[in-house]
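Visitor: generate a structure from the sequence data that follows.
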Amino acid sequence: EASRWRKIILGRGFYSPSSSVDIGQGAVAMKGTQQTLKYTQQGLILCVDYSVMPFYKAGPVMDIVEKLVGRLDYRTTLNRRQLENLVDELKGRRVTVIHRRTNQKYTVQGLTPLPASQMTFVDAESGQTKRLVDYYAQKHGKVIEYQMLPCLDLSKSKDKPNHVPIELCTLLEGQRFPKANLDKNSDRILKGKALIPASNRRNEILDLVNASDGPCR
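Guide: Take a look at the predicted model:
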């Protein structure tokens with residue numbers, strides 16, 4: 001229970017967001033511990049080892065769009081390659097929304113084929129066709145600035161489409177970044193933090209165990 005206090009849990013690993021270090025490519029490295037229980041003649045013991053893991057950087061999805069296009073304004077559109085790169089970057093990632101109070105998490109299924117300014121839907125109550133951007137302005141008081149960008153498809157099923165403008169979505173913390181996708185520079189930084197001398201490793205383990213959010217707190 002103490003080990004998982006305010007930590008990101010990944011298998012037997014417990015990683016602290018406060019230790020995040022930017023390693024490039026929209027990824028951060030977090031320090032933490034790998035923990036297992038071992039049975040001995042003296043009873044159960046907790047084995048703790050030092051670990052460093054790459055995670056996707058949390059934050060506004062618009063940060064990724066800005067990285068792709070360089071500069072953003074209300075006229076920004078995406079070409080075919082940029083759209084493909086954005087889908088590759090986001091599909092399967094988990095997000096939350098900022099236009100209403102909710103703890104609900106969504107999985108990105110892809111992008112809408114049309115920009116937000118052209119998206120419409122049939123209102124279930126009135127049966128009328130409404131523009132998506134008008135809905136967010138009237139229902140949630142959110143004026144969509146980047147209307148030329150597509151929306152994120154957060155639908156759980158085809159029967160219940162859920163299309164949300166990119167600027168209202170935020171990437172969740174704690175999503176593992178595949179090590180195989182790291183470039184040489186990011187991989188070098190990660191290894192530099194993970195492969196440390198034995199004496200330093202021992203001190204890191206002791207610090208993590210006795211930290212305010214560690215298993216012996």
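Visitor: and the longest helix along the chain, how far out from the chain's middle?
Guide: Scanning the chain for the longest helix, with DSSP state H as the assignment, gives helix 198-210. Helix 198-210 sits 28 Å away from the centroid of its parent chain (C-alpha atoms, centre = their mean, to the nearest Å).
Visitor: distance check, the residue lying farthest from the centre of the chain against Gln35.
Guide: Note on the chain: the largest C-alpha distance from the chain mean falls to Gln41, namely 43.0 Å (C-alpha atoms, centre = their mean). For Gln41, the distance to Gln35 equals 21 Å [C-beta to C-beta, to the nearest Å]. Where you see a C-beta, it was placed from the backbone N, CA and C, and this is true even at glycine.
Visitor: same question, Leu149
Guide: Leu149 sits at a distance of 43 Å from Gln35 (criterion: C-beta to C-beta).
Visitor: who has more neighbours out of those two?
Guide: Between Leu149 and Gln35, counted using other C-beta atoms under 10 Å, the more crowded position is Leu149 (27 against 18).
Visitor: leaving out the residues flanking it, which one is nearest to that one?
Guide: Leaving aside its sequence neighbours, Leu149 sits nearest to Ile166 (C-beta to C-beta, 6 or more residues apart in numbering; 5.4 Å).
Visitor: for the one you found, give me its contacts.
Guide: Val61, Met62, Val65, Ala116, Tyr146, Leu149, Pro150, Cys151, Leu152 (C-beta atoms under 8 Å, 6 or more residues apart in numbering).
Visitor: mind listing the helices for this structure?
Guide: Counting by DSSP H, the helices of the chain are 62-69, 80-90, 132-140, 184-194, 198-210.
Visitor: indicate which one of the ones you listed is closest to Met30.
Guide: Met30 lies closest to helix 184-194 among the helices of the chain, at 9.6 Å (C-beta to C-beta).
Visitor: from Lys31, how far off is Thr120?
Guide: 48 Å.
Visitor: neighbour count winner among these two?
Guide: With neighbours defined as other C-beta under 10 Å, Thr120 and Lys31 compare such that Lys31 has more, 19 against 13.
Visitor: isn't that one right next to Tyr50, touching?
Guide: Yes: contact status for Lys31 versus Tyr50: in contact at 7.5 Å, counting by C-beta atoms under 8 Å.
Visitor: got any residues that touch both of those two?
Guide: Common contacts of Lys31 and Tyr50, defined by C-beta under 8 Å, 6+ apart, comprise Glu204, Leu208.
Visitor: ok, how many other residues are close to Gln128?
Guide: Gln128: 8 neighbours (other C-beta under 10 Å).
Visitor: and the gap between it and Ser117?
Guide: Applying C-beta to C-beta to Gln128 and Ser117 gives a distance of 18 Å.
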